[in-house]
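# sequence first, predicted coordinates after that:
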Amino acid sequence: MGARHRIWDLLEVTHDQETRSPVVDWYDKSLAILIVLNVLAVIVASVEAIELAYARFFLAFEVFSVAIFTLEYFLRLWACTVDSRYSRPLLGRLKYALNPMVIIDFMSFAPFYIATLPLDLRFLRILRLLRLLRVLKLGRYSTSMSLVARVFRRKWPDLAASLIVLLVMLVLASSLMYYVERDAQPVAFASIPAAMWWGVATFTTVGYGDVYPQTTLGKLLGSVIAVLGIAFFALPAGILASGFSDERERHSTGKRDSVCPHCGRIP
């Protein structure tokens, strides 16, 4: 096996917990720890006193992390041609670079280099905040996050359908409440979009209390909508619970995901 194949196997090929080599296991755990430390560094550095006191440490750790992430990214681009999906030297690498996880890899270090350019300070602050995207890289090295990704990938049509139902219910509820309460509360329910704030707070059962119905009909309608909100918001939770149960069953029975040879996706 050549160096390119070995690097591709280390960086990209997924391994079961039972069959992965100690080197792959060590690499995945090391990158996961580095990503977690980066996120913690961003959080801690948001305290101005700590950032000023340990500015040199934060800078050194940032440079070290960016160097690792940059090297990993370009090694992936170099080795990806061993995969039949990306075998063409230029177009194959471009296709691989446009994968969502690879874009996340790029965004984990790109802000560091962009920040060295003479840009507006407000834009630089946004770039520094983008460093938190590094937490998304954990999806490569965490079995739990990989499980979550698989569940969402399998259940997204059901989730999309339930979200459409919730959106329709939100529009209907906000519209009804607007027509019922607009005379009593012309400011809070000035329009249907304004009434949607109340609808979101009611459907999610948060109930901030800043906007609420005052008329008798409005209170009755609000009570019905609140109950419906509990019922409909349970739909996505039930879908995800079913997805997790299915994935656990697949893992326990040893079933393997069938991958399309053309697009590389799981049907």
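Thanks, I have the structure now. Numbering: from 1, shown residues only.
# let me see the domain layout of this structure.
According to automatic domain parsing, the chain comprises the domains 3-141, 146-253.
# where does the stretch 51-200 of the chain dip in pLDDT?
Residue ranges of the stretch 51-200 of the chain with pLDDT under 70: 119-136, 138-145.
# let's see that with 50 instead.
Within the stretch 51-200 of the chain, no stretch has pLDDT under 50.
# quick one: the strands in it?
Remark: no strands are assigned in the stretch 51-200 of the chain by DSSP state E, counting those that start in this stretch.
# spell out which helix or strand contains the closest residue to R150 other than its chain neighbours, please.
Excluding the flanking residues, the one nearest R150 by CB to CB, 6 or more residues apart in numbering is E247, at 5.9 Å. C-beta coordinates here come from the backbone N, C-alpha and C atoms, glycine included. E247 is part of helix 216-253 when elements are defined by DSSP states H and E.
# counting contacts, what elements does that helix pack onto?
Applying 3 or more CB pairs under 8 Å, 6 or more residues apart in numbering; DSSP states H and E, one finds that helix 216-253 contacts helix 143-181, helix 192-203.
# so of these, which one's packed in deepest?
With neighbours defined as mean count of other CB atoms under 10 Å, the helices and strands packed on helix 216-253 peak in mean count at helix 192-203, which reaches a mean of 19.
# which strands or helices does that helix pack on?
If you count contacts as 3+ CB pairs under 8 Å, 6+ apart, helix 192-203 packs onto helix 143-181, helix 216-253.
# mind putting these into JSON lines with distance to A190?
Putting the helices and strands packed on helix 192-203 into JSON lines (distance: least, CB to CB, whole Å) gives the following:
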{"stretch": "helix 143-181", "distance to A190": "9"}
{"stretch": "helix 216-253", "distance to A190": "15"}
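# identify the residues contacting the nearest residue to P236 once chain neighbours are set aside.
Computed as CB to CB, 6+ apart, the closest residue to P236 that is not its neighbour in sequence is S162, at 5.2 Å. S162 sits next to 232, 235-236, 239 when contact means CB atoms under 8 Å, 6 or more residues apart in numbering.
# go with 10 Å
By CB atoms under 10 Å, 6 or more residues apart in numbering, the contact set of S162 is 155, 232-239.
# closest one of those residues to C80?
Among the contacts of S162, K155 lies closest to C80 (CB to CB), at 28.6 Å.
# that closest one against S242, yeah?
Yes - taking contacts as CB atoms under 10 Å, K155 lies within contact range of S242: 7.5 Å.
# isn't G2 up against W78?
No - the pair G2 / W78 is not scored as a contact, 11.9 Å apart, by CB under 10 Å.
# next, count neighbours for V42.
For V42, the number of neighbouring residues by other CB atoms under 10 Å comes to 18.
# give the helix, strand or coil label for it.
What DSSP: H, G, I helix; E, B strand; the rest coil gives for V42 is helix.
# separation between it and E62?
Distance check for V42 against E62: by CB to CB, to the nearest Å, it reads 9 Å.
# do the same with T116
Taken as CB to CB, the span from T116 to E62 is 12 Å.
# how about S245?
Using CB to CB, we find S245 at a distance of 41 Å from E62.
# looking at those two, which one has more neighbours?
Under the criterion of other CB under 10 Å, the comparison of S245 against E62 puts E62 first, with 19 against 11.
# what's the local residue count around the spatially closest residue to the more buried one that is not a sequence neighbour?
With sequence-adjacent residues excluded and distances taken as CB to CB, 6+ apart, E62 is closest to F112, at 6.7 Å. When neighbours are counted by other CB under 10 Å, F112 registers 19.
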